[in-house]
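Asker: Everything below, folded, please.
(one chain, ligands or ions: 2)
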Amino acid sequence: MKLVVDENIPGVDALFGGYFDEIVRLNGRTMSAEALANCDALVVRSVTAVDRKLLSGHLPKFVGTCTIGTDHLDIPFLTQSAVPWSSAPGCNADSVADYVMAALAALEQPLRGQTAAVVGCGNVGSRVALRLQSLGATVVAVDPNLTHAVVPLTSLSEALQIADICCFHTPLVRDGRYPSVGLLNEANIQLLKKGAVIVNAGRGPVIRDAALFAREDIRWVLDVWDAEPAVSQASIARAEIATPHIAGYANEAKLRGTWMIFNAWAALNDIPTVGWEQVAGAKLARPTESKAWQDQIAASYDIWRDDGIFRTALRGAPEENAVTFDGLRKHYPGRNEFSRFDWE
Ligand SMILES: NC(=O)c1ccc[n+]([C@@H]2O[C@H](COP(=O)([O-])OP(=O)(O)OC[C@H]3O[C@@H](n4cnc5c(N)ncnc54)[C@H](O)[C@@H]3O)[C@@H](O)[C@H]2O)c1
Ligand SMILES: O=C(O)[C@H](O)[C@H](O)COP(=O)(O)O
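Answerer: Ligands and ions are numbered 1, 2, ... in the order given. The predicted model follows:
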């Protein structure tokens, strides 16, 4: 049996190795239809468009994406072609929530007595909302698909008017009743309070690049970018914290994605599934004795490291930056989820 897999997926040999005679690792962005000849299973990340073109020569028996987002899969085509597919919902939700908290701590943003809005209150957004609430913020959510959430729901325009902090965690939805493309744009950004902090760790086009230049006072934390990966110098310069789409890149999160996709494939093929405890490593010693949340976060994840690497590396024109952006993601130095540390 043959498995074609994005070269940036960890844990493939340990999980899939015993079941496939051939494992072909490819660059996810340049994967071609020819490379998929005779493959039984295709496992990707978010940079591979799995569509009619990629699958034109051959239909695999399974497609898995080790990611939360599914905007790169042509789901109607997979369904119509009877190709079973699976994503990894929630696999990196804690990693993204860690990122948001690390960014707010790094900006020395107060939470107690502040109002935060979470736009998109699913796996990631609800974790972010609960963490902000537990640290004393009043939190509201914007999510037109929900009738109730972990915090009170409101409209986007109301949220923008009351928020000191506004975190975007929606999928990229291009059509339908509630598209998310351009949710924040140069028009409605005028509703925000002076000096509000905006975090985008969802998908780049949810916040239009034009919005970055429509207000000087807004404090931006950007992990995802409208023109990603071809990010412009001007956009980077607007962000107080700038990173290359790595909010979900904690070591545990990436491995959890592979593990979830392995189990989906295994269940489909009557192969025994694997428990997370067989894959996850042991707890790590707590990195600080401090009781202050800002110290605990800073000791667990230094977000300035990632911001510094990004700013130093991305100094070219957008086309050149696109290559560097992908390179930074491929060689991400890693970090651990906060929950991996033994805080007891
Ligand atoms: N930066 C990263 O590394 C990273 C990591 C993980 C996920 N993501 C992105 O974050 C997204 C959210 O992840 P999740 O696990 O919470 O997904 P999820 O599916 O659990 O939740 C998404 C929520 O967004 C809501 N939503 C959809 N359209 C909306 C709209 N127009 N306005 C407001 N809310 C809307 C949905 O109703 C849902 O509740 C993913 O789809 C992915 O694109 C990014
Ligand atoms: O959708 C997701 O799960 C995240 O955006 C994820 O971090 C994407 O990572 P990639 O597949 O691009 O490596």
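Asker: who in the stretch 201-344 of the chain is up against ligand 2?
Answerer: Contact residues, the stretch 201-344 of the chain versus ligand 2 (C-beta under 6 Å from any ligand atom): G248. Quick note: C-beta positions are derived from backbone N, CA and C, even for glycine.
Asker: give me the residue from the stretch 201-344 of the chain nearest ligand 1.
Answerer: G248 (3.1 Å; C-beta to the nearest ligand atom).
Asker: Can you name the residues that contact that residue?
Answerer: T67, I68, C91, N92, S95, V96, Y99, A201, K254 (C-beta atoms under 8 Å, 6 or more residues apart in numbering).
Asker: Wasn't it part of a helix?
Answerer: No: counting by DSSP: H, G, I helix; E, B strand; the rest coil, G248 is not found in a helix; it is coil.
Asker: Could you find the closest non-adjacent residue to the residue of the stretch 101-250 of the chain found nearest ligand 2?
Answerer: In the stretch 101-250 of the chain, the residue that lies nearest ligand 2 is G248 (3.1 Å; C-beta to the nearest ligand atom). Nearest residue to G248, sequence neighbours excluded (C-beta to C-beta, 6 or more residues apart in numbering): N92, at 3.2 Å.
Asker: Same check on S155?
Answerer: Take S155 and drop its neighbours on the chain: the residue closest to it by C-beta to C-beta, 6+ apart is V142, 6.7 Å away.
Asker: Kindly report the same for Y99.
Answerer: Per C-beta to C-beta, 6+ apart, closest to Y99 is A247, 3.8 Å.
Asker: Angles on the backbone of that neighbour, please.
Answerer: Torsion angles at A247 (phi, psi; degrees, to the nearest 10) stand at phi -60, psi -30.
Asker: Neighbours of it, how many?
Answerer: By other C-beta atoms under 10 Å, the residues close to A247 number 28.
Asker: cool, the one 5 residues further on as well?
Answerer: When counting by other C-beta under 10 Å, one arrives at 22 neighbours for E252.
Asker: Can you say which helix or strand has it in it?
Answerer: Here E252, judged by DSSP states H and E, is contained in helix 251-268.
Asker: Which other helices and strands does that helix contact?
Answerer: If you count contacts as 3 or more C-beta pairs under 8 Å, 6 or more residues apart in numbering; DSSP states H and E, helix 251-268 packs onto helix 12-16, strand 41-44, strand 62-65, strand 85-86, helix 93-106.
Asker: Ligand 1: which of these is closest?
Answerer: Here helix 93-106 is closest among the helices and strands packed on helix 251-268 (C-beta to the nearest ligand atom), at 4.7 Å.
Asker: pLDDT of the closest one, averaged?
Answerer: Averaged across helix 93-106, pLDDT comes to 98.
Asker: Report the angle between it and helix 251-268.
Answerer: Angle of helix 93-106 versus helix 251-268, following axes from the mean of the first three to the mean of the last three C-alpha atoms, to 10 degrees, is 160 degrees.
Asker: Give me the angle between the very next helix or strand once past helix 93-106 and helix 93-106.
Answerer: Per DSSP H and E, the first helix or strand lying C-terminal to helix 93-106 is strand 115-119. Interaxial angle, strand 115-119 versus helix 93-106 (the same axes, to 10 degrees): 150 degrees.
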